[in-house]
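1. Coordinates only, no sequence provided:
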């Protein structure tokens, strides 16, 4: 449960009974030893958005994700601490992940959180109800003060329920590799509170059959107060603390160098990773692997450097001399490629602009072929030439034909043809026609590469790997670098602190704005 | 104030000297080799060369060494009264510049006045009765 924490999920979550907490503590000790000991290499753990298959053969993962299953927990911690290694843990965790289907994991934590929440809400009502049910006759009568407490209890419970619903009942959008420290702290706190209240209740009220009902009602009210305060704490720790900006993150995509700067507050590395990914999907233009830096004609020429024939046997001394000669020759040859690159680039740009002009003209002309049908049109126009009334889909298909070729050529020139199928273009055309968009609005989608979110289908989750040299629950510090890896590129994130600002004041009297002419013109003739 | 709203200039009497400057051709331009300051649209209080700080006339502020103006014995601080017959005592700065930099004229004839001229005349007047 601790590891399997979800981002922006519930604050009330139950882990387990006390026995598995013992296991958890044993595992914590074990993990601390591991950290100091053999695992000096980069720890790479997975941030996993739900829905995606877990096993990514290229990413290595070190994970202690094993405490939902009590038996296997003891097996892992039972082995001697010194001998466990990276690979063993990887194997163990992979086995465990295989065992439970993925969908369950996504919903376990919210479910447990809901259970704990329900228990904590029912508890005060149970405190009130049990004496009434069991020993009603011996209870002291309690008039107005109790009724006042009933009312306040009812309203506080209502507020608790509403705020829990508003703040915490959201489907989680990401799963984090390590447990979310604050959330677990709060869950433990809630659990502790409720358990200790029940304990006290059981010992002091149930057993001696306490007769002071007003005291019991006051006790239940104090529990609700405590729950409200815990919720306030949860609000501050989970939602508010990281709102005030404290660091600036520079996010650079390794594939093509697109970079952005973001301001964040005090977060742990894993939470910062999820936050950056949220921004990534809507800020970064989509990564187009087809756009290389150098055009193909130059690349192929670079690769075919002159051949060196080795007339004698392979000799280590000789090969270094040869490679040095080849490098020197290549360096000399490189002098010409920059001019070729320059002309090639100008040529490509000219071609793209020509095709873009053709596309714009074709689309504008196509849009003039249809217009919205007004229902109030006079019947005088219809008898001779009855105009066929079409729905948006048919209208889109009708005007797609004249612009199809220009569109295809343009997409091919900008290497976007893999992102836009004919179906998607017609859908977009239908959308634009329905909403009375101009041709320019229709083309906006194709003329500039949009954010990655535009090209995603929401059915599958996204798999990212968080690579970091420090434990991912550590909070952000100046100079940290971590990266989020995907299969073909990565995002490298560097943390810089925001500067401390000294704001001074200066008062300007509005009457002090006065001007004089200068003998400024000294013109030389 | 714009040029058309300036108050009318008061009548001026001064001892003037004629200076003729041949323009020097530098590439596409004809230059005279000095800088002017002043004008009715400028602030007369900033003029370091004028005696009367409400004088809005055109003054010579700089002379390029070795240029045509230096050759023709124009000096820093001279007040230009006329250029080729055009009056320079009640003109804007830009009008003065235009009168001096006409492309078709190769020679400018200036009437300038300076303090030392006045003093020389007074001195000679003063000396005269003795002689």
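-> That came through, no problem. A quick note: this is a predicted structure, and the numbers were derived from the prediction, not measured.
2. need the contact list for residue A:159.
-> residue A:228 (CB atoms under 8 Å, 6 or more residues apart in numbering or on different chains). Where you see a C-beta, it was placed from the backbone N, CA and C, and this is true even at glycine.
3. From chain B, how far out is it?
-> 72 Å (CB to the nearest CB, to the nearest Å).
4. Could you confirm residue A:145 falls within a strand?
-> No: looking at residue A:145 with DSSP: H, G, I helix; E, B strand; the rest coil, it is helix, so not inside a strand.
5. secondary structure element for residue A:499?
-> For residue A:499, there is no enclosing helix or strand under DSSP states H and E.
6. and it, how many residues sit next to it?
-> By other CB atoms under 10 Å in any protein chain shown, the residues close to residue A:499 number 7.
7. Look up how far residue A:276 lies from it.
-> Counting by CB to CB, to the nearest Å, the gap between residue A:499 and residue A:276 amounts to 21 Å.
8. got it, and residue A:401?
-> On the measure of CB to CB, residue A:401 and residue A:276 end up 44 Å apart.
9. Who has more neighbours out of these two?
-> Counted by other CB under 10 Å, residue A:401 and residue A:276 do not tie: residue A:276 has more neighbours, with 21 against 9.
10. Output the contacting helices and strands for the helix or strand encompassing the more buried one.
-> For residue A:276, the element it lies in under DSSP H and E is helix A:269-283. The elements that helix A:269-283 packs onto, with contact taken as 3 or more CB pairs under 8 Å, 6 or more residues apart in numbering or on different chains; DSSP states H and E, are strand A:43-48, strand A:247-253, strand A:259-264, strand A:463-468, strand A:481-485, strand A:490-497.
11. hmm, try it at 6 Å
-> Helices and strands touching helix A:269-283, by 3 or more CB pairs under 6 Å, 6 or more residues apart in numbering or on different chains; DSSP states H and E, are strand A:259-264.
12. what's the spacing between the longest helix along chain B and its chain's center?
-> As assigned by DSSP state H, the longest helix anywhere in chain B is helix B:115-130. Taking CA atoms, centre = their mean, to the nearest Å, the mean C-alpha location of helix B:115-130 is offset from the chain mean by 22 Å.
13. Likewise for stretch B:97-104?
-> 14 Å.
14. What's the end-to-end length of that stretch?
-> End-to-end distance for stretch B:97-104: 14 Å, by CA to CA, to the nearest Å.
15. same check, this time on stretch A:202-220
-> 13 Å.
16. which residues touch that stretch?
-> A:124, A:127-128, A:131, A:135, A:138-140, A:142, A:145-146, A:149 (CB atoms under 6 Å, 6 or more residues apart in numbering or on different chains).
17. Helix, strand or coil: sort out residue B:60 for me.
-> Once three-state DSSP is applied, residue B:60 turns out strand.
18. sorry, back to before: for the helix holding residue A:276, which residues meet the burial criterion?
-> A:269-277, A:280 (16 or more other CB atoms under 10 Å in any protein chain shown).
19. Give me the subset of the contacts of stretch A:202-220 lying in helices.
-> Short answer: these in helices (DSSP H) are A:124, A:127-128, A:131, A:145-146, A:149.
20. So which other helices or strands are in contact with the helix or strand where residue A:444 lies?
-> Using DSSP H and E, the element containing residue A:444 is helix A:439-447. With contacts defined as 3+ CB pairs under 6 Å, 6+ apart, helix A:439-447 has these neighbours: helix A:316-367.
21. switch the cut-off to 10 Å
-> If you count contacts as 3 or more CB pairs under 10 Å, 6 or more residues apart in numbering or on different chains; DSSP states H and E, helix A:439-447 packs onto helix A:316-367, helix A:392-413, helix A:422-434.
22. show me where chain B has helices.
-> Going by DSSP H, chain B shows helices at B:68-71, B:93-100, B:115-130.
23. Quick one, which of these gets closest to residue A:484.
-> helix B:93-100 (63.6 Å; CB to CB).
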